[in-house]
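> have a look; sequence and predicted model below, questions after that.
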Amino acid sequence: MDRYIQAPLSKADIESLHAGDYVYITGTIFVARDAAHKRMFEAVQKKEVLPMDMKDQIIYYMGPSPAREGRPIGSAGPTTASRMDKYTPKFLDMGLKGMIGKGKRNPEVVEAIIRNKAVYFAAVGGAGALLSKKILKSEVIAYDDLGAEAIRKLEVEYFPAVVVIDSEGNNLYENVLK
């Protein structure tokens, strides 16, 4: 089923999504990968303020290539989500409601998705150039020293993804295997 949703995510949108749904996301999402996740996690442990409020947000696991002239961002394909798994349950407990990446998540992340009524989306790996066309604006908001791994704020329109794990824990990857 095709779904059009707005970011940040609403409770109603999250509850209406099911594993296997195709979604088109419009609104504000954030980009953070391995190094940014580690730095944010350490900041939380030190009780420091994060560069973004996690509440109801979506984080896209992606490290863009440099933007071509006239474009806000270069190729913007997803990275492997499992590299963020050790940090994700804490961020979900802090209000994060969506993640976009590729690949499976560990059982602790799945439990945190269910506990926090969140959702995990997959974007198509290898389609970074096409995905970048759905990004209208890109702004580095923190950790500029990390280069491609800096935290970015994106404005997206009809950004395509697939619901892999819904808020009830239904898992597209497991369903396909069955």
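Cool, the structure landed.
> tally up the residues packed near residue 139, please.
Close neighbours of residue 139, defined as other Cβ atoms under 10 Å, add up to 11. C-beta coordinates here come from the backbone N, C-alpha and C atoms, glycine included.
> quick one: contacts for it?
152-154 (Cβ atoms under 8 Å, 6 or more residues apart in numbering).
> using PDB, list the CA coordinates for the top helix by length along the chain.
The longest helix of the chain (DSSP state H) is helix 34-45. What follows is helix 34-45, C-alpha atoms only, in PDB (Å, rounded to 0.1, in the frame of the first residue of the first chain):
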ATOM      1  CA  ASP A  34      28.200   6.100  13.000                       C
ATOM      2  CA  ALA A  35      30.500   8.900  14.200                       C
ATOM      3  CA  ALA A  36      27.600  11.300  14.900                       C
ATOM      4  CA  HIS A  37      25.700   8.600  16.700                       C
ATOM      5  CA  LYS A  38      28.700   7.900  18.900                       C
ATOM      6  CA  ARG A  39      29.200  11.500  19.700                       C
ATOM      7  CA  MET A  40      25.500  12.100  20.500                       C
ATOM      8  CA  PHE A  41      25.400   9.000  22.700                       C
ATOM      9  CA  GLU A  42      28.500  10.200  24.600                       C
ATOM     10  CA  ALA A  43      26.800  13.700  25.000                       C
ATOM     11  CA  VAL A  44      23.700  12.000  26.500                       C
ATOM     12  CA  GLN A  45      25.900  10.100  28.900                       C
END
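> who does it touch, helix- and strand-wise?
helix 88-93 (3 or more Cβ pairs under 8 Å, 6 or more residues apart in numbering; DSSP states H and E).
> contact partners for residue 118?
Contacts of residue 118 by Cβ under 8 Å, 6+ apart are 14, 92, 96-99, 112, 167.
> next one: residue 51
Applying Cβ under 8 Å, 6+ apart, the residues near residue 51 are 40, 141-143, 151.
> repeat the analysis, applying 10 Å as the threshold.
30, 32, 36, 39-40, 43, 141-143, 150-151, 153 (Cβ atoms under 10 Å, 6 or more residues apart in numbering).
> now do residue 147
35, 63, 66, 140.
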